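Visitor: Predicted structure and sequence below. I'll ask about it afterward.
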Amino acid sequence: MRIGVLSDTHDRVPVIRAALDRFRQVGIETLIHPGDVVAPFAAKILAGFEGTLHITYGNNDGERAGLKGILPQIVDGPLVLGLAGKRVLVHHSLDLCHDDDLTRADVVISGHTHRVAIKKEGGKLLVNPGECCGWVTGRCTVAMVDLHTNDVELIEIPT
């Protein structure tokens, strides 16, 4: 099972659309977004994804009621998912994850830092796809994760 991961979209609608188009082109049916959509108008783009979207709030998601109205599945982290026989932990910030949750997870997906971080350590896969928005680093990045092989493909979205 391959999943798409995008984080820290921060209202940059054209890049969100381009990332979703890329995921559609390669047949991704499940997306994970660990937070910082920011505004409901950007959430509408994510809500249009024709597949399953798992999403948590980030620290910049201040308009929670508006986001929840458009994305009823959005939750505070940590979010624990069972996907392809793996326990997947999703939280906006890795620093806010509890040690017990991290210990039990096979895959940990986070955002917040706006920096790409893909590591395999202690039998776990840790994935931060960087920032989809590109506001901080100048790179708009997302990731595809193969949950069967633990391979990660980082994708740069052109602006």
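Guide: Sure thing, it's come through.
Visitor: So which residues make contact with the longest helix anywhere in the chain?
Guide: In the chain, assigned by DSSP state H, the helix with the most residues is helix 13-25. Helix 13-25 is contacted by residues 4, 6, 9, 31, 41-42, 45-46, 48-50, 132-134, 140, 142, 144, 155, 157-159 when judged by C-beta atoms under 8 Å, 6 or more residues apart in numbering. Every residue, glycine included, has its C-beta placed from N, CA and C.
Visitor: who touches the helix or strand following that helix?
Guide: Counting by DSSP states H and E, the next helix or strand C-terminal to helix 13-25 is strand 30-33. Applying C-beta under 8 Å, 6+ apart, the contact partners of strand 30-33 are 1, 3-7, 9, 20, 23, 46, 49, 51-56, 81, 83, 88, 90, 109.
Visitor: picking up where we left off before, by neighbour count, sort out the buried ones in the contacts of helix 13-25.
Guide: When those are checked for burial by 16 or more other C-beta atoms under 10 Å, the buried set is 4, 6, 9, 31, 42, 45-46, 49, 132-134, 140, 142, 144, 155, 157.
Visitor: So which of the residues you listed are in strands?
Guide: Among those, DSSP state E puts Gly4, Leu31, Val142, Met144, Ile155 in strands.
Visitor: Just give the nearest non-adjacent residue to the fourth one, would you?
Guide: Using C-beta to C-beta, 6 or more residues apart in numbering and skipping the chain neighbours, the partner closest in space to Met144 is Glu153 (4.6 Å).
Visitor: surely the one you found meets Val142?
Guide: No. Between Glu153 and Val142 there is no contact under C-beta atoms under 8 Å: 9.5 Å.
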